[in-house]
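**Q** coords please:
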Amino acid sequence: MKKYDYAIVIGRFQPLHLAHQDLIKYSLTLAEKVIIILGSARSAPDVKNPFTPAMREEIIRACFPEDAKRLIFRAVRDYPYNDHVWTAEVQNLVNEITEDDGKEGARISIVGFFKDKSSYYLNLFPQWNFEEFYCADKRNLSLNATEIRKKYFAEDEDWQQLVPKTVANYLNAFRQTEFYPTLKSEFEYLEKYREATQFKGVPFKPVFLTTDAVVVQSGHILVIRRGFQPGKGLLALPGGFLAENMTLEDSAIKELKEETNIKVPAQVLRGSIKASHVFDYPERSQRGRTVTFAYFIELEPNLKDGLPRVKGGDDAKKAFWLPISALGEKEDEFFEDHIHLIRFFLGM
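**A** Purely as a prediction, here's the structure:
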């Protein structure tokens, strides 16, 4: 009999590496079943999150063929601006599993190790026991999925020594899919961008300031389809980098007008600002540390004229009004954290 009914392992596993494999192996020794919570669900595929939850589940199951039936997978969205919502979603998923299994009062543990500041989530579940994982091979504890992805997209084959053989085979096969060239191109763009924007001879990294506009009217939200990298083809809010000679509000209105050509006078847009907020999640952009000032603009309904005419311009391939009811089905098409900015202002 195992010490626990369920052991919970949380991670993005992008990709599963040797330390992850050891963590899951250890969890299987502790519990009858292991619940693996896959993070960053419903995110648009990018260099940071190239593999969907379904792909990651397939990879992990293939690494544990003898214990596949003891593994239970669930996927959760990221909530970078609300840990409480993320925590509640994880709790609800675990409760549903235990209820479905008829395991009321189940013995549950969360298993992990405090590698760095990203491991803070292990402190968010005091109702479960915590089992700290100690890796037999200390070298594995220093493994970093970010560095593995960097080697993978740079085609530095050293990455294959850092992941299980099964994972290496899967990732090599993924290179033959239609998705890989787009991700590799994005990786190369970001590498050049970060290099080009570094301060020379200064001992700190640049911080970028941007503005975004969340414009709604009559149950619709104004979005663009990005025309260039990064995130080419993804949905986004109209916005851009802060001009050095403009205020934040002026910059937001300017970018909104340039990217959507919205047929609403600037003074009306300015007068329709209902709220603003700073979004500064450190990992929100792969281009580098980027803080955005977002403005919530709510236009008055106009039954006679309907929604204002818009047309993509500047960096936007297309601009259009998206029904708010369609945000759920379009969630995995949004650039960076823009869906979270929208949800913040709409209270979703």
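
**Q** Show me where the stretch 51-200 of the chain has its strands.
**A** 71-77, 108-112, 129-132 (DSSP state E, counting those that start in this stretch).

**Q** between those, which gets nearest to residue 285?
**A** Of all the strands of the stretch 51-200 of the chain, strand 71-77 sits nearest to residue 285, with 18.1 Å by Cβ to Cβ. Quick note: C-beta positions are derived from backbone N, CA and C, even for glycine.

**Q** and of the strands of the stretch 51-200 of the chain, who's closest to residue 163?
**A** Among the strands of the stretch 51-200 of the chain, strand 71-77 sits nearest to residue 163 (Cβ to Cβ), with 18.0 Å.

**Q** List the strands paired with that closest one, with their directions.
**A** Under the criterion DSSP bridges, strand 71-77 sits next to strand 31-41 (parallel) in its sheet.

**Q** any chance of the strands of the stretch 51-200 of the chain in JSON lines, plus mean pLDDT, distance to residue 91 and mean neighbour count?
**A** Shown next, in JSON lines, are these (pLDDT from 0 to 100; distance: least, Cβ to Cβ, whole Å; neighbours: other Cβ atoms under 10 Å):
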{"stretch": "strand 71-77", "mean pLDDT": "97", "distance to residue 91": "11", "mean neighbour count": "18"}
{"stretch": "strand 108-112", "mean pLDDT": "95", "distance to residue 91": "11", "mean neighbour count": "22"}
{"stretch": "strand 129-132", "mean pLDDT": "93", "distance to residue 91": "15", "mean neighbour count": "14"}
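
**Q** Redo those strands as TSV? Include distance to residue 159.
**A** As requested, these are arranged in TSV below (distance: least, Cβ to Cβ, whole Å):
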stretch	distance to residue 159
strand 71-77	24
strand 108-112	23
strand 129-132	27
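
**Q** So which of these is nearest residue 223?
**A** The nearest among these, by Cβ to Cβ, is strand 71-77 at 18.7 Å.

**Q** just to revisit the earlier point, who wins for proximity to residue 185 among the strands of the stretch 51-200 of the chain?
**A** strand 71-77 (26.3 Å).

**Q** hmm, who's touching that closest one?
**A** 6, 24, 33-43, 53, 57, 60-61, 64, 86, 89-90, 93, 97, 331 (Cβ atoms under 8 Å, 6 or more residues apart in numbering).

**Q** Local confidence estimate at residue 118?
**A** Looking at residue 118, its pLDDT reads 65.

**Q** Hmm, I typed the wrong one, I wanted residue 137.
**A** pLDDT, residue 137: 64.

**Q** could you list every residue that touches residue 167?
**A** So residue 167 contacts 15-17, 59, 63 (Cβ under 8 Å, 6+ apart).

**Q** and if we set it to 10 Å?
**A** 13, 15-18, 20-21, 59-60, 62-63, 148, 159-160 (Cβ atoms under 10 Å, 6 or more residues apart in numbering).

**Q** cool, and residue 212?
**A** 236-240, 252, 255-256, 279, 292-296, 338, 341-342.

**Q** switch the cut-off to 6 Å
**A** 237, 239, 292, 294 (Cβ atoms under 6 Å, 6 or more residues apart in numbering).

**Q** so what's residue 287 closest to, chain neighbours aside?
**A** residue 193 (5.7 Å; Cβ to Cβ, 6 or more residues apart in numbering).

**Q** And that neighbour, how close does it get to residue 229?
**A** 8 Å (Cβ to Cβ, to the nearest Å).

**Q** Just the pLDDT at residue 140, thanks.
**A** Reading off the model, residue 140 has pLDDT 64.

**Q** what residues go with each domain of this protein?
**A** What automatic domain parsing lists as the domains of the chain is 4-174, 208-346.

**Q** now the first one, how far from the chain's geometric center?
**A** A distance of 15 Å separates the centroid of the chain from that of domain 4-174, by Cα atoms, centre = their mean, to the nearest Å.
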